[in-house]
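1. Any chance you could fold what I've pasted below:
(one chain, ligands or ions: 1)
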Amino acid sequence: MRVDVISIFPDYLAALDLSLVGKARQRGLLDLRVHDLRGWTTDRHRTVDDTPFGGGAGMVMRPDVWGLAIDEVLDTGATGAHLIVPTPSGEVFTQRHAESLATAEQLVFACGRYEGIDARVAQHYRDAGITVHELSIGDYVLNGGEVASLVMIEAVARLIPGMVGNPDSLVEESHGAAGLLEYPVYTKPPSWADLEIPEVLLSGHHAKIERWRRDRALERTARLRPDMIAALSVTNLDKHDLALLAELGWVRGPDGTDGLVRA
Ligand SMILES: C[S@@+](CC[C@H](N)C(=O)[O-])C[C@H]1O[C@@H](n2cnc3c(N)ncnc32)[C@H](O)[C@@H]1O
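-> Numbering: from 1, shown residues only. Got it, this is the predicted structure:
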């Protein structure tokens, strides 16, 4: 996969040389390039922003500079080229986005600063038939799109085949196909700070361990993310799941629906 990141602070993206993403770059699994937006400016001051039409505080990033940069970086020949514009006013980025973007040929991240990028940039590339995603990493406001891009690149890159050493570790993770948060995990030593690990994990009884883990995942999800319980499909739950969820205050929805509701 090719990933391009355009920013006025390319040094911010230095973390992409580290850890699994850095290794994936070295191994050629990820062709990741970071570009300085100011390289496409045409004036002496290397200006990338201007005052907002309609008035108001702050500065807005100019579409002409962004257009030159994206035109050069985006491979329009790549059928799976996606332009990603991080913005707090976008759709919230989830594991589903990460899964779908992991199959793309090219991802171009346009890191905004100030009050963001002139809205015509996203519109122009959409009109030109490019898949444009305006994505937020959460309901808060950062100073720039660099951190948001790092978050999304890491979430996407770890799903590229060959990237994570043991692909089994991806199977039962939070936000995976089960639609649950992960169960608690433990390692050695078995006793620490007067805390013992749950006995069942020492039993060697795989079916019991699996059941214990699923129960803890259901409990944790019900406690911390009731929205995820409400999004579960009853057809993916067994009798034991439904009994535990009933104890936790969740019952089947009205006839003809596939979900759960609070009792
Ligand atoms: C200060 S913010 C602009 C906020 C914008 N005026 C608004 O209220 O929606 C500057 C840049 O930071 C990035 N950014 C800030 N918060 C973000 C978030 N939650 N998710 C993704 N990107 C974010 C975007 O690239 C944005 O263009």
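2. what ranges of the stretch 1-150 of the chain fall below the confidence cut-off?
-> For the stretch 1-150 of the chain, no stretch has pLDDT under 70.
3. hmm, the helix or strand hosting residue 68 in reach of the ligand?
-> Residue 68 is part of helix 63-73, with elements assigned from DSSP states H and E. No - counting by C-beta under 6 Å from any ligand atom, the ligand is not contacted by helix 63-73; separation bottoms out at 11.3 Å. From N, CA and C alone the C-beta is placed, and that goes for glycine too.
4. Okay, buried residues for that helix please.
-> 63, 65, 66, 67, 68, 69, 70, 73 (16 or more other C-beta atoms under 10 Å).
5. With stretch 221-233 instead?
-> 221, 222, 225, 228, 229, 232.
6. what's the closest of the residues you listed to the ligand?
-> residue 225 (19.1 Å; C-beta to the nearest ligand atom).
7. For residue 78, see how far away that closest one is.
-> From residue 225 across to residue 78, the span is 36 Å (C-beta to C-beta, to the nearest Å).
8. Need the CA coordinates for the helix holding residue 68. PDB is fine.
-> Extracted in PDB, the C-alpha atoms of helix 63-73 (Å, rounded to 0.1, in the frame of the first residue of the first chain):
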ATOM      1  CA  PRO A  63      -7.400  25.500  -1.900                       C
ATOM      2  CA  ASP A  64      -5.000  26.400  -4.600                       C
ATOM      3  CA  VAL A  65      -1.900  25.300  -2.700                       C
ATOM      4  CA  TRP A  66      -3.600  22.100  -1.500                       C
ATOM      5  CA  GLY A  67      -4.800  21.500  -5.100                       C
ATOM      6  CA  LEU A  68      -1.300  21.600  -6.500                       C
ATOM      7  CA  ALA A  69       0.000  19.300  -3.700                       C
ATOM      8  CA  ILE A  70      -2.800  16.700  -4.000                       C
ATOM      9  CA  ASP A  71      -2.700  16.700  -7.800                       C
ATOM     10  CA  GLU A  72       1.000  15.800  -7.700                       C
ATOM     11  CA  VAL A  73       0.700  13.200  -4.900                       C
END
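9. burial measure for residue 127, as a count.
-> 10 (other C-beta atoms under 10 Å).
10. Which strand residues bridge residue 86?
-> Applying DSSP bridges to residue 86 gives these bridge partners: residue 135.
11. got a list of what the residue nearest to residue 110 when sequence neighbours are not counted touches?
-> In space, and not counting its chain neighbours, residue 110 is closest to residue 85: 5.0 Å by C-beta to C-beta, 6 or more residues apart in numbering. Neighbouring residues of residue 85 by C-beta atoms under 8 Å, 6 or more residues apart in numbering: 110, 112, 117, 121, 122, 132, 133, 134, 135, 145.
12. So which residues on the protein come close to the ligand?
-> So the chain meets the ligand at 86-89, 111-113, 115-116, 136-138, 140-145, 148 (C-beta under 6 Å from any ligand atom).
13. Among the residues you listed, which are located in helices?
-> Applying DSSP state H to those, the entries found in helices are 145, 148.
14. And the residues of the chain next to the ligand, which of them are buried?
-> Neighbour counting by 16+ other C-beta under 10 Å classes 86-88, 111-113, 116, 136-137, 142, 144-145, 148 among the residues of the chain next to the ligand as buried.
15. Among the buried residues of stretch 221-233, which are located in helices?
-> Among the buried residues of stretch 221-233, DSSP H puts 221, 222, 228, 229 in helices.
16. so how many other residues sit close to the residue lying closest to residue 138 once chain neighbours are set aside?
-> Counting by C-beta to C-beta, 6+ apart, residue 138 lies nearest to residue 92, which is 6.9 Å off, once chain neighbours are set aside. Using other C-beta under 10 Å, residue 92 has 11 neighbouring residues.
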